[in-house]
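Engineer: no sequence for this one, just the structure:
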């Protein structure tokens, strides 16, 4: 679909790991590991998604040390303000220089019963406040066997993009639920099949231009040993990394996947 060059995005979702003190040590180690390895920051974008309690600390560190990492949040409220105990507004995140927010992660869908409607509301909330939603989609093994490899993800993304403007900046993350934290990994060909279908949904919902610029990530047991094979696929523009993003040396190796693909 065209020949637009999309800057790869390697995003680390820390989930409920690392307190604010551990976060400082981790970000500093990751930064120096990449610096020592002469990482070209303009060729791969790096984003970290710490827990809410770490965001201010990480933001201060990034600013003070001029660390070239984008900052993300793991969730956002559909509401902007008010009597919503425990919720976090997109307005608050924007004030902390947060750039990205994960929306619709399978753990939120499963453990917090987030429906497609809720996910769509969070996408709108993120966009209202100038945050880039990282829209997660993916199927369980049972759903894959019942409906095929693309049906669930396509339906989830189509619902999430309802009412989104054609010029909106979004990121899509395909995370097959059966591959998250299980050690099972989709093959590069399986990932490409779904990511290509998701790009078609973006084209249908937001237009061809949006589809060409939108980055689609793969997530699910991503490691330094397999990242290069995914990045060779034409519709895979990066990775949403879970457990491996908590290990500075391993995450740095994932970020530096280019040395393995020769690009």
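Structural biologist: Right, received. Where do you want to start? What you see is a predicted model; the values in this text were computed from it and never measured.
Engineer: CA only for contacts and neighbour counts going forward, please
Structural biologist: Will do.
Engineer: Wasn't residue 224 part of a helix?
Structural biologist: No - under DSSP: H, G, I helix; E, B strand; the rest coil, residue 224 sits outside any helix and is assigned coil.
Engineer: quick one, what contacts it?
Structural biologist: Under the criterion of Cα atoms under 8 Å, 6 or more residues apart in numbering, the neighbours of residue 224 are 250-251, 253-254, 257.
Engineer: Can you tell me which of the residues you listed is closest to residue 57?
Structural biologist: residue 251 (20.2 Å; Cα to Cα).
Engineer: which non-adjacent residue is nearest that closest one?
Structural biologist: residue 245 (4.9 Å; Cα to Cα, 6 or more residues apart in numbering).
Engineer: hang on, the one you found packs against residue 13?
Structural biologist: Yes - taking Cα atoms under 8 Å as the definition, residue 245 is a contact partner of residue 13 at 6.8 Å.
Engineer: related to what we said a few turns ago, now the contacts of residue 224 in a markdown table, with distance to residue 202, pLDDT and secondary structure?
Structural biologist: Shown next, in a markdown table, are the contacts of residue 224 (distance: Cα to Cα, whole Å; pLDDT from 0 to 100; DSSP: H, G, I helix; E, B strand; the rest coil):
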| residue | distance to residue 202 | pLDDT | secondary structure |
| --- | --- | --- | --- |
| 250 | 32 | 97 | helix |
| 251 | 29 | 97 | helix |
| 253 | 30 | 95 | helix |
| 254 | 27 | 96 | helix |
| 257 | 26 | 88 | coil |
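Engineer: wait, which of those residues is closest to residue 82?
Structural biologist: For the contacts of residue 224, with residue 82 as the reference and Cα to Cα as the criterion, the closest is residue 251, at 38.0 Å.
Engineer: And for that closest one, the neighbour number?
Structural biologist: By other Cα atoms under 10 Å, 25 other residues sit near residue 251.
Engineer: what do you get for residue 22?
Structural biologist: Residue 22: 11 neighbours (other Cα under 10 Å).
Engineer: other SSEs contacting the helix or strand hosting it?
Structural biologist: For residue 22, the host element (DSSP states H and E) is helix 20-36. Under the contact definition 3 or more Cα pairs under 8 Å, 6 or more residues apart in numbering; DSSP states H and E, helix 20-36 sits against helix 55-65, helix 248-255.
Engineer: Just want the angle from that helix to helix 55-65.
Structural biologist: 30 degrees (axes from the mean of the first three to the mean of the last three Cα atoms, to 10 degrees).
Engineer: buried residues in helix 20-36?
Structural biologist: For helix 20-36, a neighbour-count test (16 or more other Cα atoms under 10 Å) marks 20, 23-24, 26-31, 33-34 as buried.
Engineer: next helix or strand past that helix?
Structural biologist: Assigned by DSSP H and E, the successor of helix 20-36 is strand 45-49.
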